[in-house]
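A.B. asks: Give the three-dimensional model of this entry:
(one chain, ligands or ions: 1)
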Amino acid sequence: MCAVFILVFISLCYYNFLSINILERKLQTLIQTTVDVTKRFHGFYINADSKHYDEGVHFEKIDNGELGIIVKNSGDIHQLNNGMSQLKNEIEEIIGSDLLWTVAVIEKANVAGEVTHFLPLREAYISLDESRHSRNSWISRTIAGESIDKSYRIFNENNVRLTEPYYEKGSSEYIRSILYPVYIDKEIQAIIIVDFKNALIETCINKYNKENHTTLELTDVNHVFSYRFSLPHSITKEKNYISWNFSNIIIQALLFTIIIIIIINVVISFYRKTWKDYYYDSMTGFYRRDHYEPKLNKMTHASVIICDIDHFKSINDTYGHDVGDMVIHEVTKRIRKSIRDTDIAIRWGGEEFVIILPKMKCNDLIHKSEHIRKSVSFGKINEISVTISLGCTHQNPGENIISTLKRADKALYQSKSLGRNKTTFL
Ligand SMILES: Nc1nc2c(ncn2[C@@H]2O[C@H](COP(=O)(O)OP(=O)(O)OP(=O)(O)O)[C@@H](O)[C@H]2O)c(=O)[nH]1
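C.D. replies: Down below sits the predicted model:
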């Protein structure tokens, strides 16, 4: 049990260790896919039509919510309704609707000044916008906070950012944001923002654990069994670690060990039973003739005794077959007690048994047969006096055991003819 437990425990630790890399790739793919969808929205944004809006807060009904637009100065601004609706839908499909917090676009509109599109537009954003009306704009604050370049520089420059977790002002929701800058004529024109709840990472880990029976968890502790993982587009040095939960591994290992031990026991007992049924007769516990007879051919120095219950038919007829079965069972039990464990007892027929012993002297064999006969007849079985007749003989040098058995059978026949409850040696 202890060895199985240790083996299972080590295997589970190794399995969890191997799973960490897979999980890290899953988390990275999750973020990257979200960024890829946002990238497609970038194209939509650049080519979107414009429409005149007056200064103020506007709400546009769209398929999956209400798009809120905060306009500083009246003017023509991008019509993002369909694109933002689609962006929200697609990201929800990737991370789940309950984990997507807000999709937003903050843009510098030429005449209208700064315009912010929020899906959904929360009360908190409106008051936040008003409170900082005269101070830094959304864009310049975001650029400064996340070190995003104001001007487009070179091909391959990756200005997409995944922020570290933070509490959103106003709502106090613990979120992370993907910030996707849009450059037009080399100048930053807008930032597409996807806010998701920070619980996304943990939810993803939990889902992975459930699907793969691992016990991985997010931790900020760096120890020998923790692994530092990175997410794409994250530039800060926030320490994210995945570690194994040892107590869960121990519980799992215990459960697995119990299951394995149960399975092993079931298999062993099934095998034993099948093995027993194959080799042994269930009523007597003696070898089955069909199994053992072929092996007898190899014997060269054997003594053979054949026993047969006397008048067994009348026992059956008088007391019934169940009692007959019980008599067979008890007779063979008594025979078994009278011979050695190394002697071979075979149920030869219904109430006929063959005992193969190592070759012994004539007197000893007769003595042994008599001992068996007396022990069977000693004491009634279910109030019935039961006797057996026996025939015994030796295997002659070079003689096939079949001939020896025939001679023993002849001796048995003589015992029957002489009145039964007798031993005959031939
Ligand atoms: N109850 C029971 N009867 C069995 C079993 N196997 C064989 N028999 C019966 O044992 C009886 C053997 O009868 P016989 O061969 O005529 O021999 P017998 O009545 O013992 O007479 P002798 O051998 O001449 O003394 C038959 O009626 C079989 O049906 C068994 O497993 N259970």
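A.B. asks: show me what contacts the spatially closest residue to Tyr287 that is not a sequence neighbour?
C.D. replies: Ranked by C-beta to C-beta, 6 or more residues apart in numbering and with sequence neighbours excluded, the top spatial neighbour of Tyr287 is Ile346, at 4.6 Å. Every C-beta, even on glycine, is put in place using the N, C-alpha and C of the backbone. The neighbourhood of Ile346, defined by C-beta atoms under 8 Å, 6 or more residues apart in numbering, consists of Phe286, Tyr287, Arg288, Arg289, Tyr292, Glu293, Phe353, Val354, Ile355, Ile356.
A.B. asks: Excluding chain neighbours, what is closest to Lys359?
C.D. replies: The shortest distance from Lys359 to any residue other than its chain neighbours is 4.2 Å, reached at His301 (C-beta to C-beta, 6+ apart).
A.B. asks: State the distance from the residue nearest to Tyr287 to the ligand.
C.D. replies: Counting by C-beta to the nearest ligand atom, to the nearest Å, the separation of Ile346 from the ligand is 14 Å.
A.B. asks: Met360 versus that residue, what's the distance?
C.D. replies: For Ile346, the distance to Met360 (C-beta to C-beta, to the nearest Å) stands at 18 Å.
A.B. asks: try Glu164
C.D. replies: Here the criterion is C-beta to C-beta. By it, Glu164 lies 92 Å from Met360.
A.B. asks: again, but for Asn400
C.D. replies: Taken as C-beta to C-beta, the spacing of Asn400 relative to Met360 amounts to 20 Å.
A.B. asks: follow-up on the earlier one: doesn't the residue nearest to Tyr287 belong to a strand?
C.D. replies: Yes. Applying DSSP: H, G, I helix; E, B strand; the rest coil, one finds Ile346 inside a strand.
A.B. asks: beta partners of it?
C.D. replies: The partner list for Ile346 in beta bridges (DSSP bridges) reads Tyr287, Val354.
A.B. asks: Check what pLDDT it gets.
C.D. replies: Here, the pLDDT recorded for Ile346 equals 96.
A.B. asks: Over to the one 3 residues further on?
C.D. replies: Each residue has a pLDDT score; the one for Gly349 is 93.
A.B. asks: next one: Glu55
C.D. replies: Predicted confidence (pLDDT) for Glu55: 89.
A.B. asks: what number of residues lie near it?
C.D. replies: Burial measure for Glu55: 13 neighbouring residues, criterion other C-beta atoms under 10 Å.
A.B. asks: before we move on, what SS does Glu90 have?
C.D. replies: Per three-state DSSP, the local secondary structure of Glu90 is helix.
A.B. asks: which ones are touching Gln28?
C.D. replies: Gln28 sits in contact with Ser230, Leu231, Pro232, where contact means C-beta under 8 Å, 6+ apart.
A.B. asks: host element of it?
C.D. replies: With the criterion set as DSSP states H and E, the secondary-structure element containing Gln28 is helix 2-47.
A.B. asks: just checking, what packs against whichever helix or strand comes after that helix?
C.D. replies: Under the assignment DSSP H and E, the closest C-terminal helix or strand after helix 2-47 is strand 50-53. With contacts defined as 3 or more C-beta pairs under 8 Å, 6 or more residues apart in numbering; DSSP states H and E, strand 50-53 has these neighbours: strand 75-78.
A.B. asks: Output the below-cut-off pLDDT ranges for this protein.
C.D. replies: When residues are selected by pLDDT under 70, those of the chain lie in 110-112, 130-136, 156-157, 236-239.
A.B. asks: for the chain, what spans make up the helices?
C.D. replies: Counting by DSSP state H, the chain has these helices, from start to end: 2-47, 81-95, 123-131, 138-146, 199-212, 246-279, 289-296, 312-319, 321-338, 362-377, 401-417.
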